[in-house]
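Participant: with the sequence up front, the predicted model follows.
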Amino acid sequence: MTTALSPMSPLQLVREGLDACVHCGFCLQACPTYIALGDENDSPRGRLVLMRALVEGTLPATDPDVDTHIGRCLGCRACETACPSGVPYGELLEATRATLAEVRPIPVRARAILWLFGRPAWLAVALWVARVLRATGLASVGAWLPAPIGFAAAMLAATTRPSWLNWRRYATPGPGTRGSVALLTGCVMEGLFAETNRATARVLLANDYVLRAAPGQRCCGALHVHAGDPDGARRLARANIDAFLRSGATYIGVNAAGCGAMLKEYGKLFVDDPAYAGRAAELASRVRDVTELLAAAGPTPGARMAAPAGAAIAYDPPCHLLHAQRVAAPPLAVLGAIPALRLVPLADADQCCGGAGIYNLMHPRTSDAVLAAKLARIAESGATLIATGNPGCMMQIGAGLSRRGLHARTVHPIDLLDASYAARS
């Protein structure tokens, strides 16, 4: 006989969410790890059974199989979209990982990454080194080394900005009738996709928003909470809540889907913190993906881009935009504002690419199996550009494309709209 979890364990506190599951199985074909591995323990339904066993004490939190199957989950939350019963799977998964972390340490590799992202000075140094490797071409050369080093190098090489993107400044601030926006600059976005952040600012100005600075912002905390370290996430989130509310902005604009999903759930993160619960909920209510802001404004149409001529573009929605935030139409409205853009359909676009934060570093084999399905669909589409609004997805898919010799590359939808606006001037 095993012992049930403590009444105050994270999973026990949200156990009511387990009762919503009716074991219908609709989640199975929505789950990338179940499709790739064919093991029901690696499906949402199977993992929910494991969670209930933990709660009821029929399995101990130290059981290595529990850790294996819970750890293999991508956290893509596609099962939430498919579920007819409204099971809060993402919340249950995070609570389970936090519960397991109380009895089994988070893996050393993951702890090292979380440590780095929790310390801005050290992270800035690491990202500077990454930019040097990218600028010197060493990342592109290293991309052909065996995995995992080769794949990591290919991910870095995938952050190289396409040469045809127009960087000219064109935006003239308007009266700001749409409201004010404070941008989450982000860790990887500012470190490796800084020009996309600049493009985001320009397109918002061009659509009659005004910008507000939010100094003091930090990493959003998504990596920490997904890994089972909610306390680490809260330390970072408090700094963000203070910084963004101090800005006085009407909206908090985010161009990274994973970060946006995290900020929108700050209210849940601080539900038991009387000092921050109200402020966290207030901040969360102001968070918008940048495509939501642009779709609300129209967006203003651009002009036909000079390059890449004849490109076929497929939109691949990031999981934490489509499934966690339930934002589907706004990114297509952004792409629709670009004249003569040739969009091609992408089969199974709602399936994860296998990146999932640091998942590809922790579970490379499963990640590669999930990515293989995505790359096959891209090859079938004939697309030469894959538009997706999350840095991890851009790097994961971009690395897979290059290492498999597919002549396509990833790009952020905002960069395309920015180039279209620049073509008007």
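Facilitator: Cool, the structure landed. For clarity, every value in this text was computed on a predicted model and none was experimentally measured.
Participant: what does the pLDDT read for Arg168?
Facilitator: Here the pLDDT value assigned to Arg168 is 67.
Participant: which residue is the nearest non-sequential neighbour of Pro215?
Facilitator: Spatial nearest neighbour of Pro215, chain neighbours left out: Ala243 (6.5 Å); criterion: Cβ to Cβ, 6 or more residues apart in numbering. (Each C-beta comes from the backbone N, C-alpha and C, glycine too.)
Participant: the one you found: how many residues sit nearby?
Facilitator: Per other Cβ atoms under 10 Å, the neighbour tally for Ala243 reads 19.
Participant: confirm it sits in a helix?
Facilitator: Yes: under DSSP: H, G, I helix; E, B strand; the rest coil, Ala243 sits within a helix.
Participant: and it, what does it touch?
Facilitator: Ala243 makes contact with Ala214, Pro215, Gly216, Gln217, Arg218 under the criterion Cβ atoms under 8 Å, 6 or more residues apart in numbering.
Participant: hmm, 6 Å instead?
Facilitator: Ala214, Gly216, Gln217 (Cβ atoms under 6 Å, 6 or more residues apart in numbering).
Participant: what's the answer for Val344, then?
Facilitator: Contacts of Val344 (Cβ under 6 Å, 6+ apart): Ala312, Ala314, Ser381, Ala383.
Participant: pipe those residues into CSV and attach neighbour count per row.
Facilitator: Formatted as CSV, the contacts of Val344 follow (neighbours: other Cβ atoms under 10 Å):
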residue, neighbour count
Ala312, 15
Ala314, 22
Ser381, 19
Ala383, 24
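Participant: just the ones of those residues in strands?
Facilitator: Ala312, Ala314 (DSSP state E).
Participant: and of the contacts of Val344, the nearest to Gly278?
Facilitator: Ranked by distance to Gly278 (Cβ to Cβ), those are led by Ala314 at 42.0 Å.
Participant: who's in contact with the closest one?
Facilitator: Val344, Leu346, Ser381, Ala383, Ile386.
Participant: so which of those belong to helices?
Facilitator: Ser381 (DSSP state H).
Participant: between the contacts of Ala314, which sits nearest Gly355?
Facilitator: Ile386 (12.7 Å).
Participant: in terms of contact, does that closest one touch Thr410 like I think?
Facilitator: Yes: using Cβ atoms under 6 Å, Ile386 is in contact with Thr410, at 4.8 Å.
Participant: okay, and the common contacts of those two?
Facilitator: Joint contacts of Ile386 and Thr410 (Cβ under 6 Å, 6+ apart) are Ile397.
Participant: how long is stretch 409-425 end to end?
Facilitator: One end of stretch 409-425 sits 26 Å from the other (Cα to Cα, to the nearest Å).
Participant: run through who's touching that stretch.
Facilitator: 165-166, 168, 170, 196, 199-200, 202-203, 206, 255, 302-303, 305, 331, 334-335, 338, 385-387, 389, 394, 397-398.
Participant: buried residues in that stretch, which are they?
Facilitator: 409-423 (16 or more other Cβ atoms under 10 Å).
Participant: what are the C-alpha coordinates of stretch 199-209, in CSV please?
Facilitator: Taking C-alpha atoms only, stretch 199-209 is exported to CSV below (Å, rounded to 0.1, in the frame of the first residue of the first chain):
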residue,chain,number,x,y,z
ALA,A,199,9.6,45.1,-36.6
THR,A,200,6.8,44.5,-34.0
ALA,A,201,7.2,48.0,-32.7
ARG,A,202,7.0,49.4,-36.3
VAL,A,203,3.9,47.6,-37.3
LEU,A,204,2.1,48.6,-34.1
LEU,A,205,2.9,52.2,-34.7
ALA,A,206,1.7,51.8,-38.3
ASN,A,207,-1.6,50.5,-36.9
ASP,A,208,-2.2,53.5,-34.6
TYR,A,209,-0.9,52.2,-31.3
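Participant: show me how far it is from its chain's centre.
Facilitator: Distance of stretch 199-209 from the chain centroid (Cα atoms, centre = their mean, to the nearest Å) equals 22 Å.
Participant: can you check stretch 98-113 too?
Facilitator: That offset, for stretch 98-113, works out to 21 Å (Cα atoms, centre = their mean).
Participant: repeat that for stretch 88-101.
Facilitator: 18 Å.
Participant: now the residue nearest the centre of the chain. Nearest residue, chain neighbours left out?
Facilitator: The chain has Gly258 as the residue nearest its centroid, 2.6 Å off, counting by Cα atoms, centre = their mean. Nearest non-adjacent residue to Gly258, counting by Cβ to Cβ, 6+ apart: His320, 4.6 Å away.
Participant: if I pick that neighbour, what's in contact with it?
Facilitator: With Cβ under 6 Å, 6+ apart, His320 has these contacts: Ala257, Gly258, Ala261.
Participant: swap in Val290?
Facilitator: With Cβ under 6 Å, 6+ apart, Val290 has these contacts: Thr200, Gly253, Asn255.
Participant: how about Arg279?
Facilitator: By Cβ under 6 Å, 6+ apart, the contact list for Arg279 reads Ile241.
Participant: do Leu28 as well
Facilitator: Residues in contact with Leu28 (Cβ under 6 Å, 6+ apart) are Tyr34, Ser43.
Participant: distance of it from Ala372?
Facilitator: Distance of Leu28 to Ala372, given as Cβ to Cβ, to the nearest Å: 19 Å.
Participant: looking at it, Asn240 is touching Gln217, isn't it?
Facilitator: Yes: using Cβ under 6 Å, Asn240 is in contact with Gln217, at 5.3 Å.
Participant: Ser140: neighbour count?
Facilitator: 17.
Participant: sketch out the low-pLDDT regions of the stretch 51-200 of the chain for me.
Facilitator: By pLDDT under 70, the weakly predicted segments of the stretch 51-200 of the chain are 166-172.
Participant: now do the strands in it.
Facilitator: 180-183 (DSSP state E, counting those that start in this stretch).
Participant: if I look at Met362, how far off is Glu16?
Facilitator: Relative to Glu16, and taking Cβ to Cβ, Met362 is found at 29 Å.
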